[in-house]
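1. what's the 3D shape of this:
(chains A and B)
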Amino acid sequence: MNLKISALEFVQQVQNGNISAEDFVAKTLERIQSIDDKLHAFLFVNEKAIDQARDIDKKIKSGSKVGACFGMPISIKDNMCIKDSKTTCASKMLENFVAPYDATVITKLKEQDAVFVGKVNLDEFAMGLTTEFSAFGSSKNPWNTEYVPGGSSGGSAVSVSAFECVASLGSDTGGSVRNPASFCSVVGYKPTYGLISRYGLISYSNSIEQIGPLTRTVKDTAFMLNIISGLDPNDNTTIDNKNEDYLSGIDSGIEGKKIGIIQEMVGEGTDPTVLSATKDAISKLENLGATCEDVSLDMVKYSVAAYYTIAATEAGSNLARYDNLRYGYDFSVEGYEFNSYIAKARRNFGPEVKRRMIIGGFVPSAGHAGKYFLKAIKVKSKLTREINEAFKKFDLLIAPTVPILPFKIGEKINDPVSLFLIDINTVTANLTGKPSISVPFTISNGLPIGIQLLADSMNDKLLLQAAYALEQTITLQEVPI
Amino acid sequence: MVTEEQIEHVSKLMKIDIDDHKEYVDKVQTMIDYFDVLDSADVESEEISMQEITISNLREDKYVPFNEKLIDKLNNYKGTYVRAPKMS
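-> Alright, predicted model coming up:
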């Protein structure tokens, strides 16, 4: 059985009776069993997945109504709640936490008969961009297992890239879907802020983070978006997309579209190989009838500092809830004074989470708030104005997803600023709420390079059309695992 | 300059028990030094944009019974109360 098919091919083959959901899920679990020791994408595998797929096959055979996923095996980043399943955020702090409810995205996928094959690895509480900060060990890049897969949704990207599932859900706070998608050569999508409900996503930085799909093809991303987007009464930041069909007209092309090349994202610090790939992508888009011109977003220079200031501040507040009383690992309250008990429980946070919490306590504190937090908020505001101006002239913007190639595990772990700067091309979409996609574009010396496209808010459909057009110009080699 | 005393103070505020405050000084200082780039952003006159949500657009604030005994999922509880350590 060929596991290397897209989500839409899977649906078609199950619908046509060429394959059964049970067989496909069983083979998928066999593959996880055989290769995940090398990759460590999965934290937990769903032992009931085959039974669930069998039930869907029965529905198909009996002629009952079947959801759009037809038993499609999907992996879920372990910071989203699946009822009665462990949800650890890759943290010792939540090692034994069992979610009492489903996240809205999970409810929607269950309604469409998706099968969750397991929960996948991430940097602890999604704080990182390599998965090296997972309390349960780093994931490995399937293109070269000595290299990081990107992060924080590294497990999601690895599982899709290595054919351990058909699609995955990740979360993107500063690039955490697009960065690993680029490093592992899969499609990664950060929607317009509010397009997908965050209810049941364990919060890191509420004002900028979004759930997003990671898939093998752009069409699969559109398919997933059709299922998981839309208003949710449990998340007041969601917006009404009028049940937009992102798949219809995806092949409309980009003839006549104007594309801005973000100068601050292709300058100093961009690896020459990545720069060359970006120029190649721009040529291909021009050959398809688009017009590409330079555009400057001056605030991009300050975006990484603004992003980390805002994210750390919100994280400091969000992580206050982990006190071992409502969530957290178990030890008795007997013999402890309140503050010392909570401080002891919170020792289970890993070093990167502690560092970010200290930053999150420092930058908004009395005497420092004006210098850091207030300025960061103002940079966010000015950057939003700048990008809104750019979208008056351009339909789309383009840049490399990540300015450098994947790097070796351990290579940058002790250099926080060097790690910060890897986010420079991705945080703009988060700070401004714009939709953004990473399209796998080429492989250089065995390592993937992704190209990022951005569109104006609620222009997700146009963005997917452009990404699809770019995708059709390339043929990628297969992952060597 | 970030000092050990500041790290100790902030870690207390964030309720994180840290053995060696010195260990955090250099890394936090490096991060804070990088954030100083915000000084050159020229945003003093920038107004902060906010998105308002009117109360009428919020979900109705009503009691929704949970379909299971949520409290059973907690580790330390007595009756219908969460057990917490005593306040000093």
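
2. Can you show me the helices along chain B?
-> Remark: helices assigned in chain B by DSSP state H are B:4-13, B:21-35.

3. Dump the ones you listed into JSON lines; add mean pLDDT as well.
-> Formatted as JSON lines, those follow (pLDDT from 0 to 100):
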{"stretch": "helix B:4-13", "mean pLDDT": "92"}
{"stretch": "helix B:21-35", "mean pLDDT": "90"}
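
4. possible to save those as CSV with mean neighbour count?
-> In short, each C-beta sits where N, CA and C put it, glycine included. CSV is the format used below for the helices of chain B (neighbours: other Cβ atoms under 10 Å in any protein chain shown):
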stretch, mean neighbour count
helix B:4-13, 17
helix B:21-35, 17
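
5. Tell me which of these approaches residue A:50 most closely.
-> Residue A:50 sits nearest to helix B:21-35 of all the helices of chain B, at 45.8 Å, using Cβ to Cβ.

6. The closest one - contacts with which helices or strands?
-> Packed against helix B:21-35 by the contact rule (3 or more Cβ pairs under 8 Å, 6 or more residues apart in numbering or on different chains; DSSP states H and E) you find helix A:300-318, helix A:351-362, helix A:416-421, helix B:4-13.

7. Quick one: those helices as a markdown table, columns for distance to residue A:103 too.
-> Output for the helices and strands packed on helix B:21-35, formatted as a markdown table (distance: least, Cβ to Cβ, whole Å):
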| stretch | distance to residue A:103 |
| --- | --- |
| helix A:300-318 | 16 |
| helix A:351-362 | 21 |
| helix A:416-421 | 28 |
| helix B:4-13 | 31 |
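
8. circling back: any idea which of the helices of chain B gets closest to residue A:15?
-> Closest to residue A:15 of the helices of chain B, according to Cβ to Cβ: helix B:21-35, at 51.7 Å.

9. send the alpha carbons of stretch A:167-184 over as PDB?
-> Provided in PDB are the C-alpha atoms of stretch A:167-184 (Å, rounded to 0.1, in the frame of the first residue of the first chain):
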ATOM      1  CA  ALA A 167      -1.700  15.700   7.500                       C
ATOM      2  CA  SER A 168      -1.100  17.400  10.900                       C
ATOM      3  CA  LEU A 169      -2.100  20.300  12.900                       C
ATOM      4  CA  GLY A 170       0.400  22.700  14.500                       C
ATOM      5  CA  SER A 171       0.300  26.100  16.100                       C
ATOM      6  CA  ASP A 172       2.200  29.200  14.800                       C
ATOM      7  CA  THR A 173       3.000  32.000  17.300                       C
ATOM      8  CA  GLY A 174       6.100  33.400  15.500                       C
ATOM      9  CA  GLY A 175       6.600  30.900  12.700                       C
ATOM     10  CA  SER A 176       6.100  27.600  14.500                       C
ATOM     11  CA  VAL A 177       4.200  26.000  11.600                       C
ATOM     12  CA  ARG A 178       6.000  27.600   8.700                       C
ATOM     13  CA  ASN A 179       9.500  27.200  10.000                       C
ATOM     14  CA  PRO A 180       9.400  23.300  10.400                       C
ATOM     15  CA  ALA A 181       7.400  23.100   7.200                       C
ATOM     16  CA  SER A 182      10.300  24.800   5.400                       C
ATOM     17  CA  PHE A 183      12.900  22.700   7.200                       C
ATOM     18  CA  CYS A 184      11.100  19.400   6.400                       C
END
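
10. okay, and the helix or strand of chain B with the least pLDDT?
-> Lowest on mean pLDDT, DSSP states H and E among the helices and strands of chain B sits strand B:77-78, with a mean of 80.

11. how many neighbours does the residue of the stretch 151-300 of chain A found nearest chain B have?
-> Per Cβ to the nearest Cβ, residue A:233 is where the stretch 151-300 of chain A lies closest to chain B, at 4.8 Å. Residue A:233 has 12 neighbours, counted by other Cβ atoms under 10 Å in any protein chain shown.

12. which residues touch it?
-> Shown in contact with residue A:233 (Cβ atoms under 8 Å, 6 or more residues apart in numbering or on different chains): residue B:59.

13. Contact partners for residue A:177?
-> Residues near residue A:177 by Cβ under 8 Å, 6+ apart: A:153, A:156, A:170, A:171, A:188, A:189, A:190, A:212, A:213, A:214, A:438.

14. got a markdown table for those, with neighbour count, pLDDT and secondary structure too?
-> Compiled in a markdown table, the contacts of residue A:177 are given as follows (neighbours: other Cβ atoms under 10 Å in any protein chain shown; pLDDT from 0 to 100; DSSP: H, G, I helix; E, B strand; the rest coil):
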| residue | neighbour count | pLDDT | secondary structure |
| --- | --- | --- | --- |
| A:153 | 39 | 98 | coil |
| A:156 | 38 | 98 | helix |
| A:170 | 34 | 98 | strand |
| A:171 | 26 | 98 | strand |
| A:188 | 36 | 98 | strand |
| A:189 | 33 | 98 | strand |
| A:190 | 34 | 98 | strand |
| A:212 | 33 | 98 | strand |
| A:213 | 30 | 98 | strand |
| A:214 | 34 | 98 | strand |
| A:438 | 36 | 98 | strand |
